[in-house]
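Enquirer: Task: produce atomic coordinates for the following.
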Amino acid sequence: MGAQAARGTQNPLGTKASRPMHAGTHVRFVGKELGYPCRLLRCQATRFGSGDGVQDKEQCNRSRRQLLVETGTAAAALRSEPSEAREKGVLDTKTRTTREAETGIQALRDPSAQSGCATSTVDRQRLGLEGLLPPQVSSTGVEVARCMKALRLETSPLARYRILICLQREDLSTFVQTITEHADEVLPIIYTPTVGEACLNFSTLYPRPLGLYISHFEKGRIRDILRHWPHKVDTVVVTDGERVLGFGDLGAHGMGIVCGKALVYTAATGVLPNSILPLTLDVGTNNRQLLEDPFYLGERNKRISKTSYDSFVEEVVEGLRAEFGKKVLIHLEDFSPTNAFSILQKYREKCLMFDDDVQCTAVVVVAALLGAFRLTKRNFERDLTSIVFFGAGQANLGTASMIVDTLMDLGVSEQDALSRIWMLDSRGLIYAGRDGITLQKRRFQRPFLPKELNSDSDLQEVIQYVHPCALVGAASIPGSFTPSVIRTMSKLASRPIIFSLSNPTSRTECTAEEAYAYSSGRAIFASGSPFDPVDLDSKHFCPSQANNALVFPGLAQGLRLANASSVDNRVLRAAARALSSLLGEEDMLLGRVLPPSLRESAQAVAKAVADAV
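Expert: Below you'll find the predicted structure:
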């Protein structure tokens, strides 16, 4: 029976209502009406019944790429084949423990057991919800509209965030439909910049998003802790909270960022939130303010030693693969550069893992650069003569590496490609012989300090010497792209490329308005957090958001579609090209260098990744 018929009401908004989530199957698709045989789409579904989908195995084993093309969607099932853990009986199709059907107030408290006011009369009777819900039976379309009206009436971003978290914890089907149908509108609420405010206020945030915490004191029993998560898991978004956005060490309060990333997966691809585990590793914090805060939620000790840390992370990775299957995708988020690179180096060939800051940021920035050169009708490999990176954390290091690899793909020698990179960290220009150069920075060090510069030369002095065509900031130093820096870039390049990537908005190197105003409208601008359109001298600019949210949902889907076992750099470059290819002429007329649609970006990236694996 269709969803509308089951609820005994028509949808006054004309919005396609979804089947109640307890009714068997929730089909995921991106921006398409359901015009494909339901049986073939069954391998695109998350099942909540007692069956294991064996009867559909033959259909589900069809080529993932073929299914992608035929359905026109990147939202194919991430579980079309049972994981090793499921085959061994570790995972149940709804939860990992069999339980009796919930009724009454218990059912009302289970967001996947009912659909709030859209719960049908039949289901209200079956679940014992009569009297516990308002008597009027609504539809999912009306409930989505109700939520969007509440969001639009609210003026506080954090209050909007709370509304969506409340909905997630009360009515999962309406929540999923809301953030998928209105993905671009809700993205700034569930993700940057609002998620930064949520992290800073996490100790007093009610309600808090749900995730799993593992303390370093629980070493030796990590798998026992993982078993407390009641849902089957395809993807784990994990942080240790040491470098959260531009705020630095937030310890256990980094849970806010991994929960935000998990919701972006749902908004971009429609994957069910329960299949993604937000995981915070509490290894202490060196943030003295948090340690002295009586409301801090984490362990009250400084960060553990590197040896203890590595041993702890090893047990976590092994536990995740043992509990959720060897093909579980591990998404690393907001680790320190040292730990991010060491974890990637150790595990990237052993399991399905990527680091969002190192790899996905690189993809989106390279895509934005390709878009900028398309906008100006210039040749990327010839005209990208030099680029200055302000900040030498994992984002800029990963981006510089991908630029070099992309240029080499286009026939440029490695030596020539590396000669175009100029990078500054907290001590200034990185050059051979200088103190404080890590192994990851060493690849991009200049062979010597130019005589026109000195060890104390600042960003503007470096720009004046280098004459770069592009400036990329990811140092989380607000206002570091001063009016003088922007004017200097504009004198040296006819269309200066200025990317201010630090998140959230309060940490950005410059605003869109500043970039356009101080360059007399000639800057090609993109930023990590969203900025409103800018009108200047009869010109209308719509700045692009160069955020990895355009990348990681599609990357994960594509890896699943291709049944990948690791993440290859070649695949990442394919994702960058695919993302850039979505940029249209109308977008470029508005000054955009990236496509504006989250869901279309995810679909294009997923297809490119699946084809490249």
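Enquirer: The strand ranked longest in the chain - contacts with which helices or strands?
Expert: With secondary structure taken from DSSP state E, the chain has its longest strand at strand 276-282. Counting contacts by 3 or more Cβ pairs under 8 Å, 6 or more residues apart in numbering; DSSP states H and E, strand 276-282 is packed against strand 212-215, strand 235-239, helix 255-269, helix 306-324. Heads up, the C-betas are built off the backbone N, CA and C, glycines and all.
Enquirer: Ok, which of those comes nearest Q177?
Expert: helix 255-269 (10.2 Å; Cβ to Cβ).
Enquirer: and that closest one, what's its mean pLDDT?
Expert: What helix 255-269 shows for mean pLDDT is 97.
Enquirer: Now do that helix against strand 276-282: the angle between them, please.
Expert: In terms of direction (axes from the mean of the first three to the mean of the last three Cα atoms, to 10 degrees), helix 255-269 departs from strand 276-282 by 160 degrees.
Enquirer: can I get the helices and strands packed on strand 276-282 in CSV with distance to V412 and mean neighbour count?
Expert: Below are those laid out as CSV (distance: least, Cβ to Cβ, whole Å; neighbours: other Cβ atoms under 10 Å):
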stretch, distance to V412, mean neighbour count
strand 212-215, 44, 18
strand 235-239, 35, 26
helix 255-269, 33, 27
helix 306-324, 36, 18
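Enquirer: Tell me how many other residues surround L429.
Expert: Counted with other Cβ atoms under 10 Å, the neighbours of L429 add up to 25.
Enquirer: Wait, it touches S457, no?
Expert: Yes - counting by Cβ atoms under 8 Å, L429 sits close enough to S457 to count as a contact (6.2 Å).
Enquirer: Show me the shaky parts of this protein.
Expert: The chain contains residues with pLDDT under 70 at 1-101.
Enquirer: again, only using 50
Expert: Counting by pLDDT under 50, the chain shows low-confidence ranges at 1-99.
Enquirer: Helix, strand, or coil at Q289?
Expert: Classification of Q289 by DSSP: H, G, I helix; E, B strand; the rest coil places it in helix.
Enquirer: please renumber so the chain begins at 366
Expert: Okay, using 366 as the starting number, the last item reads as Q654.
Enquirer: Stretch 526-544: end-to-end distance?
Expert: Chord length of stretch 526-544, first to last residue, is 12 Å (Cα to Cα, to the nearest Å).
Enquirer: And that stretch, what's buried?
Expert: 526-530, 532-544 (16 or more other Cβ atoms under 10 Å).
Enquirer: most distant residue from the middle of this structure?
Expert: Centroid-distance maximum for the chain: K816 at 42.4 Å, with Cα atoms, centre = their mean.
Enquirer: measure it to P895 for me?
Expert: 42 Å (Cβ to Cβ, to the nearest Å).
Enquirer: still on that earlier bit, could you pull up the residues touching the residue farthest from the centre of the chain?
Expert: Listed by Cβ atoms under 8 Å, 6 or more residues apart in numbering, the contact set of K816 is empty.
Enquirer: quick revisit: direction included, what does the longest strand of the chain pair up with?
Expert: strand 577-580 (parallel), strand 600-604 (parallel) (DSSP bridges).
Enquirer: how about CSV for those, with distance to T468 added?
Expert: Putting those into CSV (distance: least, Cβ to Cβ, whole Å) gives the following:
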stretch, distance to T468
strand 577-580, 27
strand 600-604, 31
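Enquirer: right, so of the ones you listed, which gets closest to K904?
Expert: Taking Cβ to Cβ, strand 600-604 is the member of the strands paired with strand 641-647 nearest to K904, at 39.4 Å.
Enquirer: got the angle between that closest one and helix 671-689?
Expert: Per the same axes, to 10 degrees, the angle that strand 600-604 makes with helix 671-689 is 160 degrees.
Enquirer: Quick one: distance of strand 600-604 to the chain centre.
Expert: Offset of strand 600-604 from its chain centre (Cα atoms, centre = their mean, to the nearest Å): 11 Å.
Enquirer: go on, stretch 776-788?
Expert: Distance, stretch centre to chain centre, for stretch 776-788: 29 Å (Cα atoms, centre = their mean).
Enquirer: in it, what counts as buried?
Expert: Neighbour-count burial for stretch 776-788 [16+ other Cβ under 10 Å]: 777, 782-783, 785-788.
Enquirer: Also stretch 858-872?
Expert: 858, 861-872.
Enquirer: For L644, which residues are in contact?
Expert: L644 neighbours (Cβ under 8 Å, 6+ apart): 576-579, 601-604, 623.
Enquirer: try 10 Å this time
Expert: 576-579, 590-591, 594, 598, 601-605, 620, 623, 627, 681, 685, 695-696, 698 (Cβ atoms under 10 Å, 6 or more residues apart in numbering).
Enquirer: hang on, the earlier thing: any shared contact partners between L794 and S822?
Expert: Listed as contacting both L794 and S822 by Cβ under 10 Å, 6+ apart are 814-815, 830.
Enquirer: Kindly reformat those residues as TSV containing distance to E467 and neighbour count.
Expert: Shown next, in TSV, are these (distance: Cβ to Cβ, whole Å; neighbours: other Cβ atoms under 10 Å):
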residue	distance to E467	neighbour count
L814	68	17
P815	70	14
Y830	68	15
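Enquirer: Among those residues, which ones are in helices?
Expert: Among the shared contacts of L794 and S822, the members falling in helices (DSSP state H) are Y830.
Enquirer: Which one of the shared contacts of L794 and S822 is nearest to P572?
Expert: Y830 (52.6 Å).
Enquirer: Would you check that that closest one makes contact with D823?
Expert: No - the criterion here is Cβ atoms under 10 Å, and Y830 misses it with D823 at 11.3 Å.
Enquirer: what residues are shared contacts of those two?
Expert: Joint contacts of Y830 and D823 (Cβ under 10 Å, 6+ apart) are L794.
Enquirer: for the nearest residue to A858 once chain neighbours are set aside, what are its contacts?
Expert: The shortest distance from A858 to any residue other than its chain neighbours is 5.0 Å, reached at C834 (Cβ to Cβ, 6 or more residues apart in numbering). By Cβ under 10 Å, 6+ apart, the residues touching C834 are 734, 737-738, 741, 743, 748-753, 785, 854, 857-862, 889.
Enquirer: Can you select the buried ones from those residues in ChimeraX?
Expert: The ChimeraX command for the buried members of the contacts of C834 (criterion: 16+ other Cβ under 10 Å) is given here:
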select :734,737,738,741,749,752,753,785,854,858,861,862,889
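Enquirer: Please report the number of neighbouring residues for R852.
Expert: So R852, with other Cβ under 10 Å, has 15 neighbours.
Enquirer: how about the residue nearest to it when sequence neighbours are not counted, what does it touch?
Expert: Once flanking residues are discounted, R852 sits nearest to Y883: 5.4 Å by Cβ to Cβ, 6+ apart. Contacts of Y883 were listed using Cβ under 10 Å, 6+ apart, and they are 846-855, 863, 875.
Enquirer: Looks to me like D589 is in a helix.
Expert: Yes - secondary structure of D589 (three-state DSSP): part of a helix.
Enquirer: from what I can see it touches L577, true?
Expert: No - with contact defined as Cβ under 10 Å, D589 does not count as touching L577 (11.9 Å).
Enquirer: Residues that sit against both of these two, list them.
Expert: Counting by Cβ under 10 Å, 6+ apart, nothing touches both D589 and L577.
Enquirer: related to what we said a few turns ago, out of the shared contacts of L794 and S822, who's nearest T559?
Expert: For these, the nearest to T559 is Y830 (39.4 Å; Cβ to Cβ).
Enquirer: Around the nearest residue to that closest one once chain neighbours are set aside, how many other residues sit close by?
Expert: The shortest distance from Y830 to any non-neighbouring residue, by Cβ to Cβ, 6+ apart, is to E817 (5.3 Å). Each residue near E817 was counted by other Cβ under 10 Å, and the total is 10.
Enquirer: That'll do, ta.
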